[in-house]
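> Fold the following.
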Amino acid sequence: MGLFSTKKKETTIIAPTQDSIVSQIQQNLNPDARQDGETYAQWGVRICAKVFASMTAFVPCLMVVYHDIKSLQARDQALQNKLKLENDAKIANLQTEIDLKNKNLEQKQLQLKDNRETIKQKNEQLLQLSKEKERVNKDERLKLIIGLIILIPLTLYLFIFYSSSFYSAFFRDFLEEGTVELTQAMFDPMAISNAYHNSIMELAFILFAPVIFLGLGFVLHSFSNGKGREKYLKMAALILTTLTFDIIIAYSIAKGLYDVWAANQMEDQPSFNVASAIIDPNFWAVIFCGFVAYIIWGLVYGLIMSAHEKMDISKVEKAECKQKIAQLTSNNQQLNNAIAQLNSEIANKNTEINNLKVNQYSNTRYDVQAIKQEMNNFFAGWTQQMAQFGTPSNIQTQTTQLYNNTITSLSL
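Here you go, the predicted model:
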């Protein structure tokens with residue numbers, strides 16, 4: 001080799017990819033196509049500017065964008081493989097959901113079958129009970145007899161107590177009569193006779209007053225047969241009402257007795273008031289003899305009615321059968337609704353699977369969400385350019401409506 005030698009300069013040539021070649025050809029053939037490196041939002045700005053935000057050109061431009069995105073996805077083999085795997089996974093998940101729903105469906109159908117069989121048995125039992133003679137529950141009959149033995153004299157007691165107490169509380173002049181004992185105020189054998197001599201209205205008042213309390217006891221039993229929290233509120237209100245009546249009567253009688261005592265004292269005594277009533281034994285004696293007896297009457301009456309209802313064994317068993325049939329019938333209605341709902345859901349899942357299976361064997365798949373996102377970007381660029389042009393708001397609104405209609409028509 002000589003002192004000076006020359007070396008041939010090497011040049012590295014990068015071969016263009018197929019996509020870049022296709023993109024370059026498209027740009028040469030159609031300068032309006034999306035350029036290399038251009039985002040869909042930038043494309044929207046450029047095309048909107050070129051057509052001066054024309055509404056006529058807007059929808060055709062959207063369709064070009066739509067097909068451009070689909071074309072890119074169709075050539076993206078990695079995306080196609082990914083979408084195929086996602087599609088297969090969706091089918092597997094849907095099949096799992098269907099299997100679970102089918103198991104749930106079988107359970108409900110089995111429960112429905114069992115309920116129908118039980119209803120059939122209960123109806124047969126009802127028919128058999130209707131043919132039987134009355135069977136008496138001796139324990140309940142004993143409760144009924146004992147309850148009546150207690151209730152009858154207790155009713156007479158309450159009648160005497162409330163007729164005498166009402167007379168003493170509202171019509172008796174304690175100061176005029178002078179000495180009046182507490183027992184005389186609560187159990188006066190002359191109360192009805194004195195009321196009769198005073199007036200017919202006074203007699204009617206003290207005769208019907210006990211009926212009010214007996215009626216309250218009857219209603220208390222009716223409320224106790226109710227259901228839910230409402231029955232307890234009604235019972236509490238009724239008991240409070242009765243107690244209020246008894247407090248008024250007790251206060252009036254205690255005040256009358258106190259006034260007689262105070263009139264017989266040498267020194268002036270303080271007037272009777274609520275504080276005096278609270279510490280007055282007479283006040284509490286009247287309440288105890290009236291209100292407590294009323295509560296006992298209500299309990300005994302409830303016991304008698306319960307014993308009467310349960311005394312006929314056949315009647316009780318019939319009621320239980322009818323209640324069970326009603327419960328099962330209601331439950332069957334719910335089961336039928338649930339079964340119909342499950343069948344509908346399973347049918348919908350199967351339809352989804354069928355649609356996915358069509359896509360499963362397709363050569364080309366598309367990412368719908370990605371298509372919609374890029375079209376949104378294109379539209380965002382379009383609206384940005386419309387704002388730059390100062391496009392009237394009504395034109396912008398109509399363009400937005402056109403875009404929404406196009407997205408809907410493309411099932412995006």
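
> where in the chain is pLDDT low?
1-31, 132-136, 178-179, 312, 359-362 (pLDDT under 70).

> go again using 50 as the cut-off
For the chain, the stretches flagged by pLDDT under 50 are 1-29.

> starting at the chain centroid, how far to stretch 226-245?
On the basis of Cα atoms, centre = their mean, to the nearest Å, stretch 226-245 is displaced by 26 Å from the centre of the chain it belongs to.

> contacts for that stretch?
212, 213, 216, 219, 220, 223, 224, 225, 287, 291, 294, 295 (Cβ atoms under 8 Å, 6 or more residues apart in numbering). Glycine gets a C-beta too; all of them are placed from N, C-alpha and C.

> from those residues, which two are the most distant?
Farthest pair in these (Cβ to Cβ) is 225 and 287. Separation: 27.4 Å.

> between those two, which one's more packed in?
residue 287 (17 against 11; other Cβ atoms under 10 Å).

> Skip the chain neighbours and tell me the closest residue to the more buried one.
In space, and not counting its chain neighbours, residue 287 is closest to residue 250: 4.8 Å by Cβ to Cβ, 6 or more residues apart in numbering.

> Verify the stated contact: that neighbour with residue 278.
No: taking contacts as Cβ atoms under 8 Å, residue 250 lies outside contact range of residue 278: 11.0 Å.

> More neighbours: which of those two?
Per other Cβ under 10 Å, whichever of residue 250 and residue 278 has more neighbours is residue 250, with 25 against 9.

> just to revisit the earlier point, and which of the contacts of stretch 226-245 is nearest to residue 364?
Nearest to residue 364, judged by Cβ to Cβ, of the contacts of stretch 226-245 is residue 225 at 72.4 Å.

> out of everything not next to it in sequence, what's closest to the closest one?
Among residues not flanking residue 225 along the chain, residue 231 sits closest, at 7.8 Å (Cβ to Cβ, 6+ apart).

> How many residues are close by that neighbour?
By other Cβ under 10 Å, neighbour count at residue 231 equals 14.

> Distance of it relative to residue 244?
20 Å (Cβ to Cβ, to the nearest Å).

> Can you give me the neighbour number for residue 375?
As a burial measure, residue 375 scores 21 neighbours (other Cβ under 10 Å).

> pretty sure residue 35 is in a strand, no?
No: counting by DSSP: H, G, I helix; E, B strand; the rest coil, residue 35 falls outside a strand, being coil.

> Excluding covalently adjacent residues, which one is nearest to residue 248?
residue 169 (7.3 Å).

> Just the element for the one you found, please.
Taking DSSP states H and E as the definition, residue 169 sits inside helix 138-170.

> Show me what that helix packs onto, helices and strands only.
Here helix 138-170 touches helix 182-186, helix 191-198, helix 200-224, helix 229-263, helix 293-311, going by 3 or more Cβ pairs under 8 Å, 6 or more residues apart in numbering; DSSP states H and E.

> Quick one, which of these gets closest to residue 351.
helix 229-263 (46.7 Å).

> Could I get the buried residue list for the closest one?
Burial within helix 229-263, assessed by neighbour count using 16 or more other Cβ atoms under 10 Å, is assigned to 234-235, 238-239, 242, 245-247, 249-258, 260.

> cool, stretch 105-117 as well?
Buried residues in stretch 105-117 (16+ other Cβ under 10 Å): 105, 108, 112, 115.

> if I've got this straight, the last one is in a helix?
It refers to residue 115. Yes: counting by three-state DSSP, residue 115 is part of a helix.

> how close does it sit to residue 343?
Distance from residue 115 to residue 343, by Cβ to Cβ: 18 Å.

> what sits against the residue nearest to residue 287?
Residue 250 is in contact with 277, 282, 283, 284, 285, 286, 287, 290, counting by Cβ under 8 Å, 6+ apart.

> Who are the packing partners of the helix or strand in which residue 103 is found?
Following DSSP H and E, the helix or strand that holds residue 103 is helix 77-131. For helix 77-131, the contact count by 3+ Cβ pairs under 8 Å, 6+ apart identifies helix 55-75, helix 313-360 as packing neighbours.

> can you tell me which of those helices comes nearest to residue 181?
Checking the helices and strands packed on helix 77-131 against residue 181 by Cβ to Cβ gives helix 313-360 as the closest, at 49.9 Å.

> Check which helices and strands the closest one sits against.
By 3+ Cβ pairs under 8 Å, 6+ apart, helix 313-360 packs against helix 77-131, helix 293-311.

> now the angle from that helix to helix 77-131?
160 degrees (axes from the mean of the first three to the mean of the last three Cα atoms, to 10 degrees).
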